[in-house]
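Trainee: I need the structure of the sequence given here:
(2 chains, ligands or ions: 2)
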Amino acid sequence: MKILVCISNVPDTTTKIKFAEGNASIDTTGIQWVINPWDELSLTRALELKDDATSGIKSVTVVHVGPAASEPTIRKALAIGADDAIRINAVSSDAWFVAAQIAEVVKNEQFEIIMCGIESSDYNGSVVGGMISEFLGIPSVSAVSGIKFENGQPVIIREIDGGKEVVSVPTPFVAIVQKGIAKEPRIAAMRGIMMARSKPVKLIEPIAIDPLTQIVEFEKPAPRAACRFIDADNPAQLLDLLQNEAKVI
Amino acid sequence: MSVLVYTENWDGKFKKLSFELVSYATGVAKMLNTIVTAVSIGKVEEGELIKLGNYGANKIISVYNEQLISLDSQTYTSVIAEISGKENASVIIISNNNTGKAIAPRLSVRLKAGVGSGVSRLPLTINPFTVYKRTFSGNAFAHLVIKSDVKILTLAQNSIDLIETPVNATIDNLNPTVDRSLLKTVVKDVQKQSDKILLTDADIVVSGGRGMKSPDNWPPLVELARLLGAATACSRPVSDEGWRPHEEHTGQTGKIIAPNLYIAVGISGATQHLAGISSSKYIVAINIDKDAPIFEAAQYGIIGDAMKVLPKLIEAVKEIKK
Ligand SMILES: Cc1cc2nc3c(=O)[nH]c(=O)nc-3n(C[C@H](O)[C@H](O)[C@H](O)COP(=O)(O)OP(=O)(O)OC[C@H]3O[C@@H](n4cnc5c(N)ncnc54)[C@H](O)[C@@H]3O)c2cc1C
Ligand SMILES: Nc1ncnc2c1ncn2[C@@H]1O[C@H](COP(=O)(O)O)[C@@H](O)[C@H]1O
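Mentor: Ligands and ions are numbered 1, 2, ... in the order given. Next up is the predicted model:
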């Protein structure tokens, strides 16, 4: 069995976001790109499953839609332990575009599990995974916080309001993962970095797809009023403000 | 034409979230000069369904079928897509919660409809159809143009005001045939805690960070939450250490919440933490370090040792609750 992990690259979470072109785009100068945190965790779980001989998982492939400039992201995933990679050579214009590209590539391949993150931390779309599954006409399970194998069958844990459910779906399926899927992201060791250089990256040209959405402008969140400090010995004053000024208690 | 809104229910009951969705749909419908059709899936009594009319739903389609008890993204998508076609929906509104995230993208592909996810305001313009959405985990907001004929919007919870605009709603009951072989998701076990206030629903949240020092120090924080009718939350290191359960972790990699009041105790205010709570209407910070970044996000702050401030705050709350 094979797992495909979809990875996006996003600005490091501590990046101060600046705009360019009259606020129509993001100023990318000086941005450190990292693997989207959820995708790092998906990859980690996929590799753990591969390490477990009883799971039946034989290989882990990563796929990324991005231009040559995002090659380092793919190398990093290979260094962490993915067996091979696919890069679809296009600047991702919207989620629809990305999902259509990935679905097109995957439809002729045999992956039993396709893993996507619940959202990429840049555009916060939360849609690519679900779109891929619908393009392929296969089941999807969302809010997945655990995947294991029992008797060769995947057993999935998904989060619901106030609890969890244990569910099963037939393969192939798309798992849209969130917190809990793996504890800590696996990091690349020296050996992995060396080995990554010789691992295969398949380069695929995109198909023609018109995006359905387009960002035309960015704006900063409204600035918050400066903090008003209350004496630690006078919490009653805080409650008064919360009651009468903010009106939230 | 119509605006379609999917109103999820919880054990047959709607929540504030469901009414927010209808309120929002009514706002969009006004801009488009059309009506609101609400779709409910599951067993919901008429007395409950009709409440959707208080927020402007003109027509309520109540779908009930034993096969549709638990969420299967494919069958739910089929049901909503079919209704959307019949109702000639131009905009479909769904919550940005786990259920919405399971359905919206599938519906998008089924209907070739662009998605604006996590919208927190009414559309900025109708032509072109431009929505306002969160990006970069709350560090920027985008004006997103949706170009497709049908548009799907997922609404961020607690981001708009509930507006009562009562109308006389009609209720249509629908019992669609569901092909069993298409139902792929089999639920084998459910573990649910129903006595707790859900973090995502709570109006007030009291949250603790590493500055709480030890899991043994949590009782006063929990007591404060109980007195305020609040849910409890925590920062990531706290749940990683196992001091508090994982479902309490807020932030970029945890839950994203937008309560009216978020009280952060012993939390430094790292960007990844703020990503989950920055949409709170008011933030109160209690921290021993006057330079902690959390005070930049907070409107009210107390500089002090949590272990000394919490007991005093509890006494003060008890005083006003008398
Ligand atoms: C990819 C990524 C994703 C992440 N996602 C998240 C996330 O989702 N959520 C999250 O929370 N973090 C997340 N983090 C971690 C984040 O960067 C911070 O490390 C974390 O939020 C710090 O938690 P804290 O504020 O509890 O602890 P600390 O940063 O250690 O802060 C403790 C605070 O307590 C104060 N304090 C100490 N003693 C007292 C006292 N006696 N009384 C009162 N105050 C006191 C200190 O002044 C300090 O400000 C993420 C990190 C990465 C890299
Ligand atoms: N450009 C991309 N290439 C590959 N996978 C992607 C890309 N963009 C998004 N994804 C996947 O889709 C998930 C959700 O992204 P989004 O829907 O953009 O929030 C991510 O966690 C990735 O798994």
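Trainee: which residues of chain A lie near ligand 2?
Mentor: A:6-8, A:36, A:38-39, A:63-66, A:92, A:95, A:98, A:116-117, A:119-120, A:123, A:125-129 (C-beta under 6 Å from any ligand atom). From N, CA and C alone the C-beta is placed, and that goes for glycine too.
Trainee: near chain B, list only the ones from those.
Mentor: Near chain B, judged by C-beta under 8 Å from any C-beta of the partner chain, the entries from those are A:Trp38, A:Ala95, A:Tyr123, A:Gly125, A:Ser126, A:Val127, A:Val128, A:Gly129.
Trainee: ok, of these, which one's closest to chain B?
Mentor: Of all these, chain B sits closest to A:Val127, with 3.9 Å by C-beta to the nearest C-beta.
Trainee: and the closest one, how many residues sit next to it?
Mentor: Neighbour count for A:Val127, taken as other C-beta atoms under 10 Å in any protein chain shown: 29.
Trainee: ditto for B:Leu174
Mentor: 16.
Trainee: just the pLDDT at the spatially closest residue to it that is not a sequence neighbour, thanks.
Mentor: Leaving aside its sequence neighbours, B:Leu174 sits nearest to B:Val63 (C-beta to C-beta, 6 or more residues apart in numbering or on different chains; 4.8 Å). At B:Val63, the model reports a pLDDT of 97.
Trainee: can you check the one 10 residues further on too?
Mentor: pLDDT for B:Ser73: 92.
Trainee: which strands or helices does the longest helix belonging to chain A pack on?
Mentor: Longest helix in chain A, counting residues (DSSP state H): helix A:37-51. Judged by 3 or more C-beta pairs under 8 Å, 6 or more residues apart in numbering or on different chains; DSSP states H and E, helix A:37-51 is in contact with strand A:2-6, strand A:59-65, helix A:71-80, strand A:113-117, strand A:140-150, strand A:173-177.
Trainee: average model confidence for it?
Mentor: 97.
Trainee: touching ligand 1 at all, that helix?
Mentor: Yes: using C-beta under 6 Å from any ligand atom, a contact is recorded between helix A:37-51 and ligand 1, made by A:Pro37.
Trainee: I'd like the distance between A:Lys183 and A:Glu48.
Mentor: A:Lys183 is 10 Å from A:Glu48, where distance means C-beta to C-beta, to the nearest Å.
Trainee: and the end-to-end length of stretch B:164-176?
Mentor: 31 Å (C-alpha to C-alpha, to the nearest Å).
Trainee: over to the nearest residue to B:Leu124 once chain neighbours are set aside. Which of the three states is it?
Mentor: Distances taken as C-beta to C-beta, 6+ apart place B:Thr130 nearest to B:Leu124, at 4.5 Å, with adjacent residues excluded. On the three-state scheme (DSSP: H, G, I helix; E, B strand; the rest coil), B:Thr130 is labelled strand.
Trainee: distance of B:Thr130 from ligand 1?
Mentor: Distance of B:Thr130 to ligand 1, computed by C-beta to the nearest ligand atom, to the nearest Å: 30 Å.
Trainee: tell me who's in contact with that residue.
Mentor: By C-beta atoms under 8 Å, 6 or more residues apart in numbering or on different chains, B:Thr130 lies in contact with A:Val216, B:Pro123, B:Leu124, B:His143, B:Leu144, B:Val145, B:Ile146.
Trainee: repeat that with 7 Å
Mentor: By C-beta atoms under 7 Å, 6 or more residues apart in numbering or on different chains, the residues touching B:Thr130 are A:Val216, B:Pro123, B:Leu124, B:His143, B:Leu144, B:Val145.
Trainee: mind putting these into TSV with secondary structure, pLDDT and neighbour count?
Mentor: Shown next, in TSV, are those (DSSP: H, G, I helix; E, B strand; the rest coil; pLDDT from 0 to 100; neighbours: other C-beta atoms under 10 Å in any protein chain shown):
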residue	secondary structure	pLDDT	neighbour count
A:Val216	strand	97	15
B:Pro123	coil	98	23
B:Leu124	coil	98	15
B:His143	strand	98	20
B:Leu144	strand	98	27
B:Val145	strand	98	19
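Trainee: so which of the residues you listed is the closest to ligand 2?
Mentor: Nearest to ligand 2, judged by C-beta to the nearest ligand atom, of the contacts of B:Thr130 is B:Leu144 at 12.6 Å.
Trainee: stretch A:61-72 spans what distance, first to last residue?
Mentor: 16 Å.
Trainee: from A:Ala189, how far out is the spatially most central residue of chain A?
Mentor: Residue closest to the mean C-alpha point of chain A, counted by C-alpha atoms, centre = their mean, is A:Gly117 at 3.3 Å. Separation of A:Gly117 from A:Ala189 (C-beta to C-beta): 23 Å.
Trainee: ditto for B:Leu313
Mentor: 48 Å.
Trainee: ditto for A:Thr29
Mentor: In terms of C-beta to C-beta, A:Thr29 sits 31 Å off from A:Ala189.
Trainee: who has more neighbours, those two?
Mentor: A:Ala189 (12 against 7).
Trainee: so which helix or strand of chain B has the lowest pLDDT on average?
Mentor: Least confident helix or strand of chain B, by mean pLDDT, DSSP states H and E, is strand B:186-192 with a mean of 91.
Trainee: immediately after it, which helix or strand?
Mentor: strand B:204-208 (DSSP states H and E).
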